[in-house]
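**Q** Take this sequence and fold it.
(one chain, ligands or ions: 1)
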Amino acid sequence: MSEQMNAVGLYKHLPISEDNSLVDVTVDKPEAFGHDILVKIQAVSVNPVDTKVRANGEEEQEPKILGYDAAGIVESVGEEVSSFKPGDEVYYAGVISRPGTNSEFHLVDERIAAKKPQTLSFREAAALPLTSLTAWEALYERLGISEDKDTNKGKSILIIGAAGGVGSIATQLAYDAGLTVIGTASRQETVTWAEDHGAHHTINHRDPLPPQLRDLGIEHVDYIFCLSSTAEHWDNMVEAIAPQGKICSIVETENQLDLTALQQKSAAFVWEFMFTRPLFQTEDVQEQQRILARIAEKIDSNSIQTTLTETLTGLNAKQLQEAHKKVESGKMIGKIVVEAE
Ligand SMILES: NC(=O)c1ccc[n+]([C@@H]2O[C@H](COP(=O)([O-])OP(=O)(O)OC[C@H]3O[C@@H](n4cnc5c(N)ncnc54)[C@H](OP(=O)(O)O)[C@@H]3O)[C@@H](O)[C@H]2O)c1
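**A** Okay, here's the model as predicted:
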(Lines give C-alpha, C1' and ligand atoms only; values in the text may rest on other atoms or scores of the structure.)
Protein backbone atom coordinates (compact mmCIF):
# COMPACT_ATOMS: atom_id res chain seq x y z
CA MET A 1 0.00 0.00 0.00
CA SER A 2 1.34 3.47 -0.89
CA GLU A 3 2.18 6.07 1.73
CA GLN A 4 -0.71 8.37 2.72
CA MET A 5 -0.92 12.11 3.46
CA ASN A 6 -3.50 14.57 4.75
CA ALA A 7 -5.18 17.01 2.39
CA VAL A 8 -8.25 19.23 2.14
CA GLY A 9 -10.58 18.53 -0.74
CA LEU A 10 -14.17 18.52 -1.90
CA TYR A 11 -16.54 15.95 -3.39
CA LYS A 12 -19.45 18.37 -3.98
CA HIS A 13 -19.24 21.95 -5.20
CA LEU A 14 -21.18 23.70 -2.44
CA PRO A 15 -21.62 27.15 -0.87
CA ILE A 16 -18.88 27.72 1.72
CA SER A 17 -21.50 27.91 4.52
CA GLU A 18 -22.16 24.13 4.07
CA ASP A 19 -20.14 21.94 6.46
CA ASN A 20 -18.82 19.66 3.71
CA SER A 21 -17.96 22.38 1.20
CA LEU A 22 -14.34 21.50 2.07
CA VAL A 23 -13.42 18.29 3.88
CA ASP A 24 -10.34 16.78 5.51
CA VAL A 25 -9.24 13.74 3.50
CA THR A 26 -6.42 11.20 3.34
CA VAL A 27 -4.93 10.53 -0.10
CA ASP A 28 -1.86 8.81 -1.58
CA LYS A 29 1.34 10.76 -1.08
CA PRO A 30 2.56 11.57 -4.62
CA GLU A 31 6.05 10.77 -5.98
CA ALA A 32 8.20 13.09 -8.08
CA PHE A 33 9.19 12.06 -11.62
CA GLY A 34 10.55 13.99 -14.60
CA HIS A 35 10.59 17.76 -14.02
CA ASP A 36 8.43 17.52 -10.87
CA ILE A 37 9.55 18.39 -7.36
CA LEU A 38 7.72 17.09 -4.29
CA VAL A 39 7.24 19.92 -1.79
CA LYS A 40 6.40 19.65 1.91
CA ILE A 41 3.87 22.45 2.22
CA GLN A 42 4.48 25.04 4.96
CA ALA A 43 1.86 27.63 3.96
CA VAL A 44 -0.74 28.26 1.26
CA SER A 45 -2.76 31.27 0.23
CA VAL A 46 -6.39 31.42 -0.88
CA ASN A 47 -7.31 33.34 -4.05
CA PRO A 48 -10.65 34.08 -5.75
CA VAL A 49 -9.82 31.23 -8.19
CA ASP A 50 -10.18 28.74 -5.28
CA THR A 51 -13.68 29.99 -4.57
CA LYS A 52 -14.62 30.01 -8.27
CA VAL A 53 -13.45 26.41 -8.79
CA ARG A 54 -15.13 25.35 -5.54
CA ALA A 55 -18.45 26.82 -6.58
CA ASN A 56 -18.44 25.43 -10.13
CA GLY A 57 -18.69 21.85 -11.27
CA GLU A 58 -20.07 18.36 -11.11
CA GLU A 59 -19.78 15.94 -8.22
CA GLU A 60 -16.26 14.52 -7.90
CA GLN A 61 -15.43 10.79 -7.62
CA GLU A 62 -12.00 11.50 -6.08
CA PRO A 63 -11.50 14.42 -3.67
CA LYS A 64 -10.72 17.56 -5.66
CA ILE A 65 -7.88 19.42 -3.97
CA LEU A 66 -7.82 23.21 -4.41
CA GLY A 67 -4.98 25.65 -3.65
CA TYR A 68 -2.91 27.67 -6.12
CA ASP A 69 -0.23 29.31 -3.97
CA ALA A 70 2.34 27.69 -1.73
CA ALA A 71 5.64 27.99 0.08
CA GLY A 72 7.43 24.90 1.31
CA ILE A 73 10.54 22.71 1.44
CA VAL A 74 11.65 20.41 -1.38
CA GLU A 75 11.34 16.81 -0.15
CA SER A 76 12.46 14.96 -3.29
CA VAL A 77 13.01 15.65 -6.99
CA GLY A 78 12.30 13.91 -10.33
CA GLU A 79 15.18 12.54 -12.46
CA GLU A 80 15.16 15.53 -14.87
CA VAL A 81 15.11 18.28 -12.21
CA SER A 82 18.08 20.66 -12.43
CA SER A 83 16.95 23.78 -10.50
CA PHE A 84 16.34 22.34 -7.02
CA LYS A 85 17.55 19.77 -4.49
CA PRO A 86 15.93 18.36 -1.34
CA GLY A 87 15.94 20.95 1.45
CA ASP A 88 15.52 23.99 -0.85
CA GLU A 89 12.85 26.47 0.25
CA VAL A 90 10.54 27.29 -2.67
CA TYR A 91 7.40 29.23 -3.54
CA TYR A 92 5.05 28.89 -6.49
CA ALA A 93 1.43 29.05 -7.73
CA GLY A 94 1.25 25.77 -9.69
CA VAL A 95 -1.38 25.11 -12.33
CA ILE A 96 -5.14 24.78 -12.33
CA SER A 97 -5.15 21.45 -14.24
CA ARG A 98 -3.33 19.50 -11.45
CA PRO A 99 -4.20 18.80 -7.78
CA GLY A 100 -3.79 21.98 -5.73
CA THR A 101 -1.53 22.89 -2.85
CA ASN A 102 -3.93 22.23 0.06
CA SER A 103 -2.14 19.07 1.16
CA GLU A 104 0.82 17.94 3.25
CA PHE A 105 2.95 17.27 0.15
CA HIS A 106 2.50 18.66 -3.34
CA LEU A 107 3.97 18.06 -6.81
CA VAL A 108 4.91 20.99 -9.02
CA ASP A 109 6.91 21.34 -12.23
CA GLU A 110 10.28 22.89 -11.32
CA ARG A 111 9.96 25.29 -14.27
CA ILE A 112 7.17 27.25 -12.56
CA ALA A 113 8.71 27.33 -9.04
CA ALA A 114 11.53 29.44 -7.58
CA LYS A 115 13.54 29.75 -4.38
CA LYS A 116 11.47 31.70 -1.89
CA PRO A 117 12.62 35.21 -0.90
CA GLN A 118 15.31 34.73 1.75
CA THR A 119 14.05 37.55 3.94
CA LEU A 120 10.50 36.20 4.20
CA SER A 121 8.94 33.49 6.36
CA PHE A 122 7.03 30.72 4.59
CA ARG A 123 3.71 32.40 5.32
CA GLU A 124 4.91 35.78 4.04
CA ALA A 125 6.18 34.07 0.88
CA ALA A 126 3.01 32.02 0.31
CA ALA A 127 1.02 35.26 -0.06
CA LEU A 128 2.88 36.18 -3.22
CA PRO A 129 3.24 33.77 -6.16
CA LEU A 130 -0.14 33.78 -7.96
CA THR A 131 -0.76 37.49 -7.62
CA SER A 132 2.87 38.40 -8.44
CA LEU A 133 2.93 36.25 -11.58
CA THR A 134 -0.37 37.83 -12.65
CA ALA A 135 0.77 41.39 -12.03
CA TRP A 136 4.21 40.86 -13.59
CA GLU A 137 2.91 39.18 -16.74
CA ALA A 138 0.20 41.83 -17.10
CA LEU A 139 2.43 44.87 -16.61
CA TYR A 140 5.66 43.85 -18.32
CA GLU A 141 4.42 41.39 -20.93
CA ARG A 142 0.77 41.99 -21.87
CA LEU A 143 0.87 45.80 -21.44
CA GLY A 144 4.50 45.92 -22.57
CA ILE A 145 5.56 48.36 -19.84
CA SER A 146 9.32 48.90 -19.61
CA GLU A 147 11.17 47.94 -16.43
CA ASP A 148 13.26 51.07 -16.95
CA LYS A 149 12.17 54.01 -14.79
CA ASP A 150 13.46 56.65 -17.26
CA THR A 151 11.41 55.20 -20.12
CA ASN A 152 8.28 55.38 -17.95
CA LYS A 153 8.79 59.00 -16.88
CA GLY A 154 5.53 60.93 -17.33
CA LYS A 155 3.51 57.75 -18.02
CA SER A 156 0.53 56.74 -15.91
CA ILE A 157 -1.41 53.61 -15.01
CA LEU A 158 -4.90 53.19 -13.59
CA ILE A 159 -5.23 50.06 -11.44
CA ILE A 160 -8.88 49.16 -10.84
CA GLY A 161 -9.14 47.28 -7.52
CA ALA A 162 -5.82 48.46 -6.07
CA ALA A 163 -6.01 47.07 -2.53
CA GLY A 164 -6.89 43.42 -3.23
CA GLY A 165 -4.44 40.57 -3.70
CA VAL A 166 -3.35 41.40 -7.24
CA GLY A 167 -3.73 45.17 -6.77
CA SER A 168 -1.42 45.21 -3.74
CA ILE A 169 1.48 43.80 -5.71
CA ALA A 170 0.62 45.54 -9.00
CA THR A 171 0.66 49.00 -7.37
CA GLN A 172 4.08 48.25 -5.87
CA LEU A 173 5.54 47.00 -9.17
CA ALA A 174 4.08 49.95 -11.12
CA TYR A 175 5.48 52.42 -8.56
CA ASP A 176 8.85 50.67 -8.66
CA ALA A 177 8.82 51.00 -12.49
CA GLY A 178 8.49 54.78 -12.15
CA LEU A 179 4.90 55.12 -13.39
CA THR A 180 2.37 57.54 -11.94
CA VAL A 181 -0.03 55.13 -10.23
CA ILE A 182 -3.73 55.85 -9.79
CA GLY A 183 -5.42 53.09 -7.79
CA THR A 184 -9.12 52.59 -7.14
CA ALA A 185 -10.47 51.79 -3.66
CA SER A 186 -13.90 52.36 -2.14
CA ARG A 187 -13.28 52.33 1.62
CA GLN A 188 -11.00 54.28 3.94
CA GLU A 189 -9.03 51.09 4.84
CA THR A 190 -8.45 50.20 1.19
CA VAL A 191 -7.58 53.80 0.26
CA THR A 192 -4.95 53.89 3.01
CA TRP A 193 -3.56 50.44 2.05
CA ALA A 194 -3.33 51.35 -1.66
CA GLU A 195 -1.58 54.64 -0.90
CA ASP A 196 0.84 52.83 1.43
CA HIS A 197 1.62 50.34 -1.35
CA GLY A 198 2.50 52.60 -4.23
CA ALA A 199 -0.63 54.44 -5.37
CA HIS A 200 0.18 58.15 -5.87
CA HIS A 201 -3.55 58.87 -6.07
CA THR A 202 -6.72 56.96 -5.27
CA ILE A 203 -10.20 57.29 -6.77
CA ASN A 204 -13.39 55.38 -5.93
CA HIS A 205 -14.50 52.50 -8.21
CA ARG A 206 -18.14 52.93 -7.04
CA ASP A 207 -18.32 56.28 -8.90
CA PRO A 208 -17.57 57.14 -12.54
CA LEU A 209 -13.79 57.15 -12.98
CA PRO A 210 -13.07 59.75 -15.75
CA PRO A 211 -14.41 62.78 -13.79
CA GLN A 212 -12.36 61.74 -10.76
CA LEU A 213 -9.26 61.49 -12.97
CA ARG A 214 -9.99 64.95 -14.39
CA ASP A 215 -10.23 66.28 -10.80
CA LEU A 216 -6.63 65.04 -10.39
CA GLY A 217 -5.67 66.91 -13.58
CA ILE A 218 -5.39 63.64 -15.55
CA GLU A 219 -7.35 63.54 -18.82
CA HIS A 220 -6.13 60.11 -19.98
CA VAL A 221 -3.95 57.31 -18.64
CA ASP A 222 -1.41 55.37 -20.72
CA TYR A 223 -2.26 51.99 -19.22
CA ILE A 224 -5.21 50.44 -17.39
CA PHE A 225 -5.00 47.22 -15.38
CA CYS A 226 -8.51 45.97 -14.53
CA LEU A 227 -8.82 43.61 -11.55
CA SER A 228 -12.58 43.60 -11.13
CA SER A 229 -15.80 43.39 -13.17
CA THR A 230 -14.40 43.99 -16.66
CA ALA A 231 -17.82 44.70 -18.21
CA GLU A 232 -18.90 47.05 -15.39
CA HIS A 233 -15.77 49.17 -15.86
CA TRP A 234 -15.62 48.92 -19.68
CA ASP A 235 -17.13 52.31 -20.62
CA ASN A 236 -15.00 54.06 -18.00
CA MET A 237 -11.89 52.35 -19.35
CA VAL A 238 -12.71 53.28 -22.95
CA GLU A 239 -13.10 56.93 -21.93
CA ALA A 240 -10.04 57.06 -19.66
CA ILE A 241 -7.50 55.28 -21.88
CA ALA A 242 -5.10 57.51 -23.80
CA PRO A 243 -4.93 57.41 -27.61
CA GLN A 244 -2.61 54.44 -28.38
CA GLY A 245 -2.92 53.28 -24.78
CA LYS A 246 -3.30 49.71 -23.56
CA ILE A 247 -5.84 48.00 -21.30
CA CYS A 248 -5.33 44.62 -19.63
CA SER A 249 -7.98 42.72 -17.68
CA ILE A 250 -7.72 39.54 -15.65
CA VAL A 251 -11.44 39.13 -14.88
CA GLU A 252 -13.53 36.95 -17.16
CA THR A 253 -16.98 38.22 -18.11
CA GLU A 254 -20.08 36.73 -19.69
CA ASN A 255 -20.95 40.11 -21.19
CA GLN A 256 -19.87 41.12 -24.68
CA LEU A 257 -17.11 43.74 -24.68
CA ASP A 258 -17.39 46.38 -27.39
CA LEU A 259 -13.86 46.37 -28.82
CA THR A 260 -14.94 48.74 -31.57
CA ALA A 261 -15.17 51.45 -28.93
CA LEU A 262 -11.35 51.40 -28.80
CA GLN A 263 -10.85 51.74 -32.56
CA GLN A 264 -10.73 55.53 -32.85
CA LYS A 265 -8.06 55.70 -30.16
CA SER A 266 -6.08 52.79 -31.66
CA ALA A 267 -6.11 51.47 -28.11
CA ALA A 268 -5.34 47.82 -27.34
CA PHE A 269 -7.11 45.36 -25.09
CA VAL A 270 -5.40 42.21 -23.84
CA TRP A 271 -6.22 39.43 -21.40
CA GLU A 272 -3.88 38.07 -18.75
CA PHE A 273 -4.44 34.56 -17.36
CA MET A 274 -1.56 33.44 -15.16
CA PHE A 275 -2.17 29.74 -15.79
CA THR A 276 -1.74 30.09 -19.58
CA ARG A 277 1.94 29.08 -19.64
CA PRO A 278 1.72 25.90 -17.51
CA LEU A 279 -1.75 24.99 -18.83
CA PHE A 280 -0.66 25.02 -22.47
CA GLN A 281 2.95 24.05 -21.69
CA THR A 282 4.14 26.99 -23.81
CA GLU A 283 7.77 26.96 -24.93
CA ASP A 284 8.52 29.78 -22.51
CA VAL A 285 6.88 28.13 -19.48
CA GLN A 286 10.12 28.55 -17.51
CA GLU A 287 9.59 32.34 -17.62
CA GLN A 288 7.41 31.83 -14.52
CA GLN A 289 10.47 30.59 -12.60
CA ARG A 290 12.39 33.68 -13.75
CA ILE A 291 9.53 36.02 -12.76
CA LEU A 292 9.27 34.51 -9.28
CA ALA A 293 13.06 34.78 -8.92
CA ARG A 294 12.88 38.48 -9.91
CA ILE A 295 10.07 39.04 -7.41
CA ALA A 296 12.23 37.38 -4.72
CA GLU A 297 15.13 39.71 -5.63
CA LYS A 298 12.87 42.75 -5.37
CA ILE A 299 11.56 41.57 -1.99
CA ASP A 300 15.05 40.81 -0.65
CA SER A 301 16.35 44.21 -1.81
CA ASN A 302 13.37 45.89 -0.15
CA SER A 303 12.00 47.36 -3.40
CA ILE A 304 8.62 45.70 -2.72
CA GLN A 305 7.00 44.06 0.30
CA THR A 306 4.94 40.96 0.98
CA THR A 307 1.19 41.57 0.75
CA LEU A 308 0.30 39.24 3.64
CA THR A 309 -2.33 40.76 5.95
CA GLU A 310 -3.79 37.77 7.80
CA THR A 311 -2.60 34.28 8.81
CA LEU A 312 -4.73 31.33 9.93
CA THR A 313 -2.96 28.37 11.51
CA GLY A 314 -3.74 24.73 10.68
CA LEU A 315 -3.94 23.46 7.10
CA ASN A 316 -7.37 21.86 7.53
CA ALA A 317 -10.90 22.19 6.17
CA LYS A 318 -12.08 24.49 8.99
CA GLN A 319 -9.35 27.08 8.47
CA LEU A 320 -9.59 26.94 4.68
CA GLN A 321 -13.37 27.45 4.90
CA GLU A 322 -12.69 30.54 6.99
CA ALA A 323 -10.22 31.84 4.40
CA HIS A 324 -12.65 31.12 1.51
CA LYS A 325 -15.37 33.09 3.32
CA LYS A 326 -13.08 36.10 3.67
CA VAL A 327 -12.01 36.00 0.02
CA GLU A 328 -15.63 35.59 -1.12
CA SER A 329 -16.60 38.72 0.80
CA GLY A 330 -14.92 40.76 -2.00
CA LYS A 331 -13.39 43.00 0.67
CA MET A 332 -9.92 41.52 0.90
CA ILE A 333 -7.01 43.81 1.65
CA GLY A 334 -3.75 42.15 0.59
CA LYS A 335 -3.62 38.38 1.09
CA ILE A 336 -4.79 35.76 3.57
CA VAL A 337 -2.56 32.75 4.24
CA VAL A 338 -3.17 29.40 5.96
CA GLU A 339 -0.03 27.91 7.49
CA ALA A 340 0.62 24.30 8.45
CA GLU A 341 0.97 23.77 12.23
N1 LIG B 1 -6.59 36.06 -14.91
C2 LIG B 1 -5.77 35.76 -13.91
O3 LIG B 1 -4.71 35.19 -14.09
C4 LIG B 1 -6.17 36.15 -12.52
C5 LIG B 1 -5.21 36.10 -11.51
C6 LIG B 1 -5.56 36.53 -10.24
C7 LIG B 1 -6.85 37.00 -10.00
N8 LIG B 1 -7.75 37.00 -11.00
C9 LIG B 1 -9.11 37.52 -10.78
O10 LIG B 1 -8.96 38.91 -10.53
C11 LIG B 1 -9.90 39.36 -9.58
C12 LIG B 1 -9.17 40.06 -8.44
O13 LIG B 1 -8.35 39.14 -7.75
P14 LIG B 1 -7.74 39.54 -6.34
O15 LIG B 1 -7.00 38.38 -5.82
O16 LIG B 1 -7.05 40.85 -6.42
O17 LIG B 1 -9.12 39.71 -5.53
P18 LIG B 1 -9.42 40.27 -4.06
O19 LIG B 1 -8.16 40.31 -3.28
O20 LIG B 1 -10.53 39.48 -3.52
O21 LIG B 1 -9.90 41.77 -4.38
C22 LIG B 1 -10.51 42.46 -3.35
C23 LIG B 1 -10.59 43.94 -3.72
O24 LIG B 1 -11.52 44.13 -4.77
C25 LIG B 1 -11.98 45.47 -4.66
N26 LIG B 1 -13.28 45.61 -5.32
C27 LIG B 1 -14.48 45.15 -4.90
N28 LIG B 1 -15.44 45.50 -5.77
C29 LIG B 1 -14.85 46.20 -6.76
C30 LIG B 1 -15.29 46.84 -7.95
N31 LIG B 1 -16.59 46.84 -8.31
N32 LIG B 1 -14.38 47.47 -8.73
C33 LIG B 1 -13.07 47.48 -8.40
N34 LIG B 1 -12.59 46.89 -7.29
C35 LIG B 1 -13.45 46.26 -6.48
C36 LIG B 1 -12.09 45.69 -3.16
O37 LIG B 1 -11.83 47.06 -2.88
P38 LIG B 1 -12.84 47.92 -1.93
O39 LIG B 1 -12.99 47.10 -0.67
O40 LIG B 1 -12.11 49.19 -1.75
O41 LIG B 1 -14.14 48.07 -2.70
C42 LIG B 1 -11.05 44.76 -2.56
O43 LIG B 1 -9.94 45.43 -2.00
C44 LIG B 1 -10.69 38.10 -9.18
O45 LIG B 1 -11.86 38.04 -9.98
C46 LIG B 1 -9.78 36.97 -9.55
O47 LIG B 1 -10.43 35.75 -9.81
C48 LIG B 1 -7.45 36.59 -12.27
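**Q** ok, now how distant is Ile218 from Val181?
**A** 11 Å (CB to CB, to the nearest Å). The way it works is simple: take the backbone N, C-alpha and C, and place the C-beta from them, glycine included.
**Q** Find residues that contact each of the two.
**A** With contacts defined as CB atoms under 8 Å, 6 or more residues apart in numbering, the residues shared by Ile218 and Val181 are Ser156.
**Q** and these two? which has more neighbours close in?
**A** Val181 (29 against 18; other CB atoms under 10 Å).
**Q** can you pull the buried residues of the worst-scoring helix or strand of the chain on mean pLDDT?
**A** When the helices and strands of the chain are scored by mean pLDDT, DSSP states H and E, helix 48-55 comes last with a mean of 94. Applying a neighbour-count criterion of 16 or more other CB atoms under 10 Å, one finds 48-51, 53-54 buried in helix 48-55.
**Q** The ligand: which of those is nearest?
**A** Pro48 (3.3 Å; CB to the nearest ligand atom).
**Q** what is the rounded mean pLDDT of the one helix or strand Gly9 maps to?
**A** Assigned by DSSP states H and E, Gly9 belongs to strand 4-10. For strand 4-10, mean pLDDT is 97.
**Q** cool, and stretch 202-213?
**A** Here the average pLDDT along stretch 202-213 is 98.
**Q** go on, stretch 62-76?
**A** Mean predicted confidence for stretch 62-76 is 97.
**Q** likewise stretch 86-104?
**A** 98.
**Q** what comes up buried for that stretch?
**A** Result for stretch 86-104 [16+ other CB under 10 Å]: buried residues 88-95, 98-104.
**Q** for the strand holding Gly9, packing partners?
**A** Contact here means 3 or more CB pairs under 8 Å, 6 or more residues apart in numbering; DSSP states H and E; on that basis strand 4-10 packs against strand 23-28, strand 64-65.
**Q** Which among these is found nearest to the ligand?
**A** Among those, the nearest to the ligand by CB to the nearest ligand atom is strand 64-65 (17.7 Å).
**Q** Okay, now the sheet partners of that closest one, with direction.
**A** Here strand 64-65 has these sheet partners by DSSP bridges: strand 4-10 (antiparallel).
**Q** Are the least confident helix or strand of the chain and the ligand in contact anywhere?
**A** Yes - counting by CB under 6 Å from any ligand atom, contacts between helix 48-55 and the ligand involve 48-49.
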